[in-house]
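1. no FASTA, just this:
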Ligand SMILES: C[C@@H](NS(C)(=O)=O)c1cncc(N2C(=O)c3ccc(Cl)cc3C2(C)C)c1
């Protein structure tokens with residue numbers, strides 16, 4: 001009998017046929033606004049995927065977007081992103097820059113402007129050579145964090161400390177990223193951290209929190225709809241820029257007095273290279289300063305919690321750290337590269353708790369997603385939170401199991417927490433290194449326990465965060 005004819009690929013269905021969530025865009029916005037669904041945006045997306053399948057269209061106000069969650073559709077978006085990949089802009093941020101006559105950093109730039117800044121910044125911020133230079137700075141801060149915890153515990157009659165680590169983690173990530181960026185210690189891990197830096201940390205939190213409701217309002221409207229929200233947003237931005245400007249001034253003075261002989265951070269390298277004008281360096285360094293706090297603190301909190309409620313994983317990592325140390329003193333980057341389980345633990349945390357809950361792109365050519373034709377220029381986004389918890393993508397998705405990343409299974413386009421391609425997170429290496437060094441030193445010195453083993457509820461406040469920070473117990477390991 002003749003072989004069965006090859007299956008003819010079904011002609012892609014038209015764009016209009018893509019399942020849609022909710023009919024009326026403005027009704028959706030109202031519903032969202034009233035029920036404050038912005039904070040549960042990641043859960044709304046997850047429910048929509050369960051209801052409509054692996055692709056659906058969403059219109060909330062002026063925002064129209066095609067949502068996908070399968071790795072192969074993420075790969076399709078990567079294939080069609082072009083050489084100037086683009087995400088949805090953040091009007092309220094751009095509006096502040098215009099109001100204060102500041103340049104934008106690469107997060108807000110697009111096209112040729114984005115690409116020329118990005119290629120210059122890559123060399124100091126994300127390249128292996130750049131990472132090796134700032135790695136020792138991050139290590140020093142991670143060690144100081146352990147010293148701080150020992151000091152606190154020694155004050156206790158009990159040989160343990162049960163604490164809400166939230167604010168300490170922000171101090172750690174700001175101290176570490178500022179040291180890598182400016183080559184200068186803020187002293188946040190001392191007994192009495194200085195008030196100005198505390199103000200900066202809370203300004204970043206206020207800015208992120210007020211960004212959320214402003215995301216969905218057309219730019220012109222936002223000033224009138226809710227003046228308090230807008231005023232708080234601008235005030236927080238001004239505090240952020242004032243702090244970054246002070247740090248930049250300090251290093252700029254020193255730089256003018258004579259070029260530092262040894263490496264003294266990313267900012268100094270950019271000044272010496274003189275490939276970027278000073279106002280572009282300032283705009284980007286400000287983004288990195290503010291973008292390096294909450295984004296890295298949250299995954300550390302989630303990791304410590306998961307290791308506390310998965311003690312066997314915690315023990316296995318401690319074993320891996322001991323083995324890495326037993327191979328004698330080596331360059332730190334080599335030590336980190338010999339801890340695959342620790343690196344997979346970060347991937348596992350970011351699978352269940354992705355800091356950025358989506359990756360967005362505007363395809364530059366028509367693309368077929370789930371056999372639907374999506375025209376070029378349509379905003380598309382990969383639902384990272386939903387992907388990370390989808391049984392179609394990960395077996396036993398609710399299980400915290402870092403070993404899943406070490407199996408020979410094809411994990412292509414499944415670890416997207418830092419995005420993909422030329423426009424992926426430029427802070428990726430800084431964040432990964434900072435988190436690995438922190439966990440290496442903390443796990444080598446303390447056993448982590450948690451009071452409650454119940455799942456942490458998450459809220460979306462421009463970044464994914466815990467609704468209530470978990471209480472963690474630190475017990476020194478003699
Ligand atoms: C959470 C995630 N959102 S995303 C990029 O996936 O949509 C994200 C990932 N990496 C960095 C950030 N940043 C911040 O938090 C932030 C604050 C203030 C400024 Cl001036 C600049 C930033 C950036 C965009 C760097 C945010």
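-> Nice, I can see it. Nothing here was measured: the structure is a model prediction, and the numbers come from that model.
2. for the ligand, what are the nearby residues on the stretch 251-400 of the chain?
-> Applying C-beta under 6 Å from any ligand atom, we find that the stretch 251-400 of the chain lies next to the ligand at 286-287, 290-291, 295, 355-356. No exception for glycine: its C-beta is placed from N, CA and C like everyone else's.
3. at 8 Å what do you get?
-> By C-beta under 8 Å from any ligand atom, the part of the stretch 251-400 of the chain that sits against the ligand consists of 286-295, 355-360.
4. how long is stretch 117-131 end to end?
-> 18 Å (C-alpha to C-alpha, to the nearest Å).
5. so which strand or helix has residue 454?
-> Using DSSP states H and E, residue 454 falls within no helix or strand.
6. same check, this time on residue 351
-> Using DSSP H and E, residue 351 maps to helix 340-352.
7. in this protein, which helix is the longest?
-> Using DSSP state H to define each element, the chain has its longest helix at helix 227-257.
8. just checking, what packs against that one?
-> helix 91-100, helix 166-182, helix 195-215, helix 219-225, helix 266-273, helix 278-291 (3 or more C-beta pairs under 8 Å, 6 or more residues apart in numbering; DSSP states H and E).
9. just want the angle from that helix to helix 91-100.
-> Angle of helix 227-257 versus helix 91-100, following axes from the mean of the first three to the mean of the last three C-alpha atoms, to 10 degrees, is 60 degrees.
10. in helix 227-257, what's buried?
-> Buried residues in helix 227-257, defined by neighbour count with 16 or more other C-beta atoms under 10 Å: 229-230, 232-234, 236-237, 239-241, 243-244, 247-248, 251-252, 254.
11. picking up where we left off before, for the record, mean pLDDT for the helix holding residue 351?
-> Averaging pLDDT along helix 340-352 gives 98.
12. adding mean neighbour count and mean pLDDT, write the helices and strands packed on helix 227-257 out as TSV.
-> As requested, the helices and strands packed on helix 227-257 are exported to TSV (neighbours: other C-beta atoms under 10 Å; pLDDT from 0 to 100):
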stretch	mean neighbour count	mean pLDDT
helix 91-100	16	92
helix 166-182	24	95
helix 195-215	18	88
helix 219-225	13	70
helix 266-273	20	93
helix 278-291	22	94
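13. next secondary structure after the helix holding residue 351?
-> Note on helix 340-352: by DSSP H and E, the next helix or strand toward the C-terminus is strand 358-361.
14. buried residues, that following strand. List them.
-> Judged by neighbour count (16+ other C-beta under 10 Å), strand 358-361 contains these buried residues: 358-361.
15. that strand pairs with which strands?
-> Using DSSP bridges, the strands paired with strand 358-361 in its sheet are strand 380-383 (antiparallel).
16. and the partner strand, how far out from the chain middle?
-> Using C-alpha atoms, centre = their mean, to the nearest Å, the distance from the centre of strand 380-383 to the centre of the chain it belongs to is 16 Å.
17. repeat for stretch 168-177
-> From the chain centre to the centre of stretch 168-177 is a distance of 14 Å (C-alpha atoms, centre = their mean).
18. mind listing residues that contact that stretch?
-> Defining contact as C-beta atoms under 8 Å, 6 or more residues apart in numbering, one finds that stretch 168-177 is touched by 137-138, 141-142, 144-145, 148, 185-189, 193, 197, 200-201, 288-289, 292-294, 296-297, 300-301, 430, 434, 438.
19. kindly report the same for stretch 382-390.
-> When contacts are defined by C-beta under 8 Å, 6+ apart, stretch 382-390 is touched by residues 42-43, 45-46, 49, 67-71, 73-74, 77, 350-352, 354, 356-360, 393-394, 397-398, 414, 416-417, 464.
20. for whichever residue of the stretch 101-250 of the chain sits closest to the ligand, grab the count of nearby residues.
-> Distances between the stretch 101-250 of the chain and the ligand by C-beta to the nearest ligand atom are smallest at residue 107, namely 4.0 Å. The number of residues packed near residue 107 is 19, by other C-beta atoms under 10 Å.
21. identify the residue nearest it in space, chain neighbours excluded?
-> Using C-beta to C-beta, 6 or more residues apart in numbering and skipping the chain neighbours, the partner closest in space to residue 107 is residue 287 (5.4 Å).
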